[in-house]
Each structure stands twice: as C-alpha cells, then as structure tokens.
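A.B. asks: heads up, no residue letters with this:
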C-alpha cells in the first residue's frame, strides 16, 4: 500500500454544484464543471506543478521571504549534499555557516529585494567577524549558489540572482578583510614530538599521510577491502573522497614503509575500518590498568566506574575533526607549536615535487591540475640559488 505522503490528490466532485475540485497542501481549487474537458486538463496540470515543486504550492516571487528560501533550500540540500553511500557531505556545514549572517540580517526581507547591497552588507558582517578574505569569498559564493537554486525553482526572478553575480570577490590588498597565512609543511621534529601523546592509531594515520600524501579524510576511512595488495605497491581506492561528486577516481599509492605501518591494522574484517577509536580507547584503558598501583581489593575495579549511557561514545572510525583535535591536544602536551593534519599533505607534496618533479607529485596527490599541486608544494628555492651562483 502506498504511503499517505506518496498518494496523489484525487479528482473530486462537489455534489451540490457538480463542480470538480482538487485539494493541494490543504487548499481547495475548483476546476470547472466535472464533465468538461478543461476540468481534467487543469487537474493534471495543477497536480504536476505541485509535485514538481516538492508537493508544495507555488509561491509568487514577491511573497516569499529570505528565510523561506533558505528553509526550502535546506530541504533540497540535505538530500543533495550526500556521498554515494548516504553520508552527509561537510559542504552542508559550510553552507550553514555561510547563511548564518544572511538570516541574522535579512531573515524577513522579501527574497526579491535581496540584492547586491544586501549581499555586501552580509560581507561586511563577515569582515567584522575577522574572517579571512579567501574564506569570505567562498562563503559569498555559497550564498549566490542558494539564490541560483531559488531562481531555478522559480521562487525568485532570475534577475535577482543575476544582480547578485555583479558583486565581485574581495581582492588582496584592496579590502579590509585580513589575509590568511599560507599553509606550510610541519617541521619533522614537531611531528615526532607528539608521538608519545597520541594513540598508535592516530600515529599510524600521521605516518600514512606523510608517506602517501593522502588527505586526512581518505586515510581515516581506510578499510582492508578497499586496498589492492596484489602488487609491490599497494593501491588504496577510498570509498568516498573530495572530488567523487565530479565523477573523478582517486587512487592512493602505498609503498613499503606505508605497508609496514598499515600491516598491523589489517587483521580485522574486510569491511571494518583500519583505525578504530573503539580500539584506541580500549588500549588506553588497558594501559592505565597496567600502570595501576592501587590493589584490586581497593578502589574501583575495571569497568565499574563507567557510565551506562555516556553522552559521547567512540565511533567506528576517526572523523577528521576528532583526528585534528587529537593532534592539537598532543601538541599542547609536548610543548610544540600547534599544527593540523592538512599540513602533512603539504610535507608530502613538497618532498615529492623536489625529488620526482611536479607531474609525479600531481598524480600521487590526486590533483587534476598541476596548478593545484604548485599551491601545496613549497618551491625549492635552493635550486634557484644554485642556478644564480653559476650564472653570476
């Protein structure tokens, strides 16, 4: 039996007047005399438009507000921004942050009146919040994307969206927004300093990032089933990755050193994640118990002081945020300046470009363009210095 929400509205007859009608979203629409051809035609047209609009009545552009546009977009985005296996994309969170100042400033404004001046006002609020220029430009681009969707759904007129396109991005040195610091590779001694303060799982992820140049989110979801171990070089195909929605394939190549790190984490189900926070927590508790000096006859026994329903439980795999937090806490304990996982990718990029050239680095890092690899890899200034010494 069809779900109540999936049933089509019926072609109904008002017995007293013999008028045909249909009820859409709780509102009744009369279609004319029941025997007229026009009544059936209007019925099919109205139901088709209602279904195409997400089982909602079409709202005139001048009647819909900014907050209504955002609410409708969010219903669409919650389904659209998902990976192939149904996992919600991080882009949804980025859009939420981008729309926050829009709702704060112009929530009740008719969407048709949200023009370039309003968008610049939102941008000024972002500047006042001390966001960097590049980040602000990215958020403004996401806001424009929301209004592009609204125009495609005929919630606003196309002219409203095209007017927003006239707002150019902030330019370096020509605006009040601060500039972000370029991401640099992490000094190797800063990486090694945190080893005693992280779990063996986190340390393995760190090493694999250095050896493969993979993104943190690609390593944390690694499973034995995703790794082809038939050759001398193992080939890991992540179940999901940053550019999967573009139809791009991602291959991560794992050499002998990476294989040695990974080997101890492969003794599990083929579809289980290699790096498990549950395992890490169990090992941490076991280590604490091994160092215990209080006799078992005194104090708490293992497991007796655990909450039955803790607010947070270890997950099946490390989320990038949890992995980053583990590194940040270890940096504080070891006394080295804080660094983040993405810098490890820059370490690998710089080494690969220096030793094997830009094209090899591009392939290993999974970039579609060498221009992107150039951003990641630090320029080898020593070669320029040696060249000038020879030239004079």
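C.D. replies: In hand now; what should we look at? All figures in this text were calculated on a predicted structure; none of them were measured in a lab.

A.B. asks: pLDDT weak spots in the stretch 251-392 of the chain?
C.D. replies: Within the stretch 251-392 of the chain, the stretches with pLDDT under 70 are 297, 299-311, 355-361, 363-392.

A.B. asks: what ranges do the helices span in the stretch 151-300 of the chain?
C.D. replies: In the stretch 151-300 of the chain, the segments counted as helices under DSSP state H, counting those that start in this stretch are 158-164, 188-193, 200-212, 216-220, 256-263, 277-290.

A.B. asks: Next, format those as CSV and append distance to residue 64 and mean neighbour count.
C.D. replies: Every C-beta, even on glycine, is put in place using the N, C-alpha and C of the backbone. Output for the helices of the stretch 151-300 of the chain, formatted as CSV (distance: least, Cβ to Cβ, whole Å; neighbours: other Cβ atoms under 10 Å):
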stretch, distance to residue 64, mean neighbour count
helix 158-164, 11, 16
helix 188-193, 52, 14
helix 200-212, 46, 22
helix 216-220, 36, 24
helix 256-263, 53, 16
helix 277-290, 44, 13
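
A.B. asks: quick one, which of those is nearest to residue 31?
C.D. replies: Between residue 31 and those, the shortest gap by Cβ to Cβ is with helix 158-164, which sits at 30.2 Å.

A.B. asks: Output the contacting helices and strands for the closest one.
C.D. replies: Applying 3 or more Cβ pairs under 8 Å, 6 or more residues apart in numbering; DSSP states H and E, we find helix 158-164 packed against helix 116-128, helix 133-152.

A.B. asks: And those helices: which comes nearest residue 337?
C.D. replies: Nearest of the helices and strands packed on helix 158-164 to residue 337, taken as Cβ to Cβ: helix 133-152 at 21.7 Å.

A.B. asks: quick one: average pLDDT of the closest one?
C.D. replies: Mean per-residue pLDDT for helix 133-152: 95.

A.B. asks: what angle separates that helix from helix 116-128?
C.D. replies: Comparing the axes of helix 133-152 and helix 116-128 via axes from the mean of the first three to the mean of the last three Cα atoms, to 10 degrees yields an angle of 150 degrees.

A.B. asks: Which residues does helix 133-152 contact?
C.D. replies: Applying Cβ atoms under 8 Å, 6 or more residues apart in numbering, the external contacts of helix 133-152 come out as 69-70, 72-73, 76, 94-95, 97-99, 102, 111, 114, 119, 122-123, 126-127, 131, 156-158, 160-161, 164-165, 167, 169-170, 172, 175, 177-180.

A.B. asks: mind running it again at 7 Å?
C.D. replies: 69-70, 73, 76, 94-95, 97-99, 102, 111, 119, 122-123, 126-127, 156, 158, 160-161, 164-165, 169-170, 172, 175, 177-180 (Cβ atoms under 7 Å, 6 or more residues apart in numbering).

A.B. asks: Just the buried ones out of the residues you listed, please.
C.D. replies: Neighbour-count burial (16 or more other Cβ atoms under 10 Å) is assigned, among the contacts of helix 133-152, to 69-70, 73, 95, 98-99, 102, 111, 119, 122-123, 126-127, 156, 160-161, 164, 170, 177.

A.B. asks: Which residues are in contact with residue 69?
C.D. replies: Here residue 69 is in contact with 111, 146, 150, 155-156 (Cβ under 7 Å, 6+ apart).

A.B. asks: change it to 10 Å
C.D. replies: 59, 99, 102, 110-111, 114, 146-147, 149-150, 153, 155-156 (Cβ atoms under 10 Å, 6 or more residues apart in numbering).

A.B. asks: Check residue 94 too.
C.D. replies: Applying Cβ under 10 Å, 6+ apart, we find residue 94 in contact with 81, 135, 138-139, 142.

A.B. asks: out of these, who's nearest residue 342?
C.D. replies: For those, the nearest to residue 342 is residue 135 (14.4 Å; Cβ to Cβ).

A.B. asks: Quick one: low-confidence residue ranges for the stretch 101-250 of the chain.
C.D. replies: 241-248.

A.B. asks: For residue 277, give its distance to residue 283.
C.D. replies: 11 Å (Cβ to Cβ, to the nearest Å).

A.B. asks: what's the overlap in contacts for those two?
C.D. replies: In terms of Cβ under 10 Å, 6+ apart, residue 277 and residue 283 are both contacted by the residues 199, 201.

A.B. asks: hang on, isn't residue 220 packed against residue 274?
C.D. replies: Yes - using Cβ atoms under 10 Å, residue 220 is in contact with residue 274, at 9.0 Å.

A.B. asks: and the gap between residue 119 and residue 152?
C.D. replies: From residue 119 across to residue 152, the span is 18 Å (Cβ to Cβ).

A.B. asks: Leaving out sequence neighbours, find the closest residue to residue 133.
C.D. replies: Nearest residue to residue 133 in three dimensions, chain neighbours excluded: residue 177, at 4.0 Å (Cβ to Cβ, 6 or more residues apart in numbering).

A.B. asks: Pull the contacting residues for the one you found.
C.D. replies: Residues near residue 177 by Cβ under 10 Å, 6+ apart: 123-124, 126-128, 130-137, 170-171.

A.B. asks: out of the helices and strands packed on helix 158-164, deepest packed?
C.D. replies: helix 133-152 (a mean of 18; mean count of other Cβ atoms under 10 Å).

A.B. asks: for that one, the distance to its chain's centre please.
C.D. replies: 16 Å (Cα atoms, centre = their mean, to the nearest Å).

A.B. asks: cool, stretch 333-343 as well?
C.D. replies: Taking Cα atoms, centre = their mean, one finds stretch 333-343 lying 22 Å from the centre of the chain it belongs to.

A.B. asks: buried set for it?
C.D. replies: Neighbour counts over stretch 333-343 (16+ other Cβ under 10 Å) mark 336, 339-341, 343 as buried.

A.B. asks: Before I go, just wanted to say thanks for your time.
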